[in-house]
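In: Take a look and give me a structure for this.
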Amino acid sequence: MSQIKKILFPTDFSPTAQNAFKHCLILADFYQAKVEVLHVVFPEYAALDVPVVSMVTTREKAEAAQSVLLSFVELGMIQTQAIYTFKTLPKIEQSVEIGVPIGTVLKLANEHKTDLIMLGTKGEHNTLEKAFGSVTTGVIEQAVCPVMVIPEFALWKPTHIVAYASDLSASDPYHFWKAADILTPFHPLLHVVNIHQGDEQDEIAIDELKKIFSNNTPAVQISFHQEKHDSITAGLETFIDNYGVDLLVMYSPHRSWIERLFHHSQTRDLAFTTRVPLLVIKS
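Out: Okay, here's the model as predicted:
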């Protein structure tokens, strides 16, 4: 039985977040999980030579956000019930916090022992986010629990076909097992796919990939694929289209800030470009 009992959903009240919230509510029904909807208010600073937090203005912003958050949740329930019939209405908690968004999300996730963080992402056309990062990518890189990213135009549909992107690491079977556990309620068809670029060290036979998983994975039906492509991201996107994938799963290690500074992340790229939900498994 899946251990997803608490879902943290950060929102900025955007249409992207509103769409992702529908996915969150439906997922919570499958898991019978509690949802905490969070909005983070960035501190307001006074117009002085020395930056000073204006507590009055910040408090007023937080109070106004409480009302907007209530409307956000109510609209989300109405929109979701128009496309989905709940078995049990999910228990929803609402909170407004003052602070820096990424740090506040991670702090609450740890304090509340969150099992899954869900967020929306605005996609590949948002060049500012690609250049300077976003709350979504910051949470993906630094969270210790799994993170699910919902693309802005992704419509809800049951998760029947799942692709797990394998890099052939020794720990891959363990992370695949964690993903399979999370996906238990859906009983999906699971594809394990390795995208390689044709280098000799990447030319690993599909039989070797099967051996890596054979003694370390749950008793589920799995198919294995090895595809050659110049770009890992583009190769996965092609696989998603060809196989009608509903959910892409990847492993992303927790990295220190210095590692994040110099490490190019395929997961981050896919968080911006994917057209299907992305589940990121963490250490």
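In: wait, residue 119 sits on residue 150?
Out: Yes: with contact defined as CB atoms under 8 Å, residue 119 reaches residue 150; the gap is 7.2 Å. For glycine as for every other residue, the C-beta is placed from the backbone atoms N, C-alpha and C.
In: so what sits against both of these two?
Out: residue 20 (CB atoms under 8 Å, 6 or more residues apart in numbering).
In: who's residue 150 bridged to?
Out: For residue 150, the beta-bridge partners are residue 120 (DSSP bridges).
In: Can you list the buried residues in stretch 225-237?
Out: If you call a residue buried by 16 or more other CB atoms under 10 Å, then stretch 225-237 has these buried ones: 225, 226, 229, 232, 233, 235, 236, 237.
In: One more: stretch 147-167?
Out: 147-152, 154, 156, 159, 161-166.
In: closest to residue 208 among the residues you listed?
Out: residue 166 (11.3 Å; CB to CB).
In: so who does that closest one touch?
Out: Applying CB under 8 Å, 6+ apart, we find residue 166 in contact with 172, 176, 192, 193, 194, 209.
In: again, 7 Å this time
Out: Residue 166 sits next to 172, 192, 193, 194, 209 when contact means CB atoms under 7 Å, 6 or more residues apart in numbering.
In: hmm, which two among the residues you listed are most spread apart?
Out: Taking CB to CB as the measure, those span a maximum distance of 11.6 Å, between 172 and 193.
In: part of a strand, is residue 58?
Out: No: according to DSSP: H, G, I helix; E, B strand; the rest coil, residue 58 belongs to no strand; its state is helix.
In: Could you report the pLDDT at residue 271?
Out: At residue 271, the pLDDT value in this model is 67.
In: just to revisit the earlier point, okay, the contacts of residue 166 in a markdown table with pLDDT, secondary structure and distance to residue 283 next?
Out: Shown next, in a markdown table, are these (pLDDT from 0 to 100; DSSP: H, G, I helix; E, B strand; the rest coil; distance: CB to CB, whole Å):
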| residue | pLDDT | secondary structure | distance to residue 283 |
| --- | --- | --- | --- |
| 172 | 82 | helix | 13 |
| 192 | 91 | strand | 19 |
| 193 | 91 | strand | 21 |
| 194 | 88 | strand | 20 |
| 209 | 71 | helix | 22 |
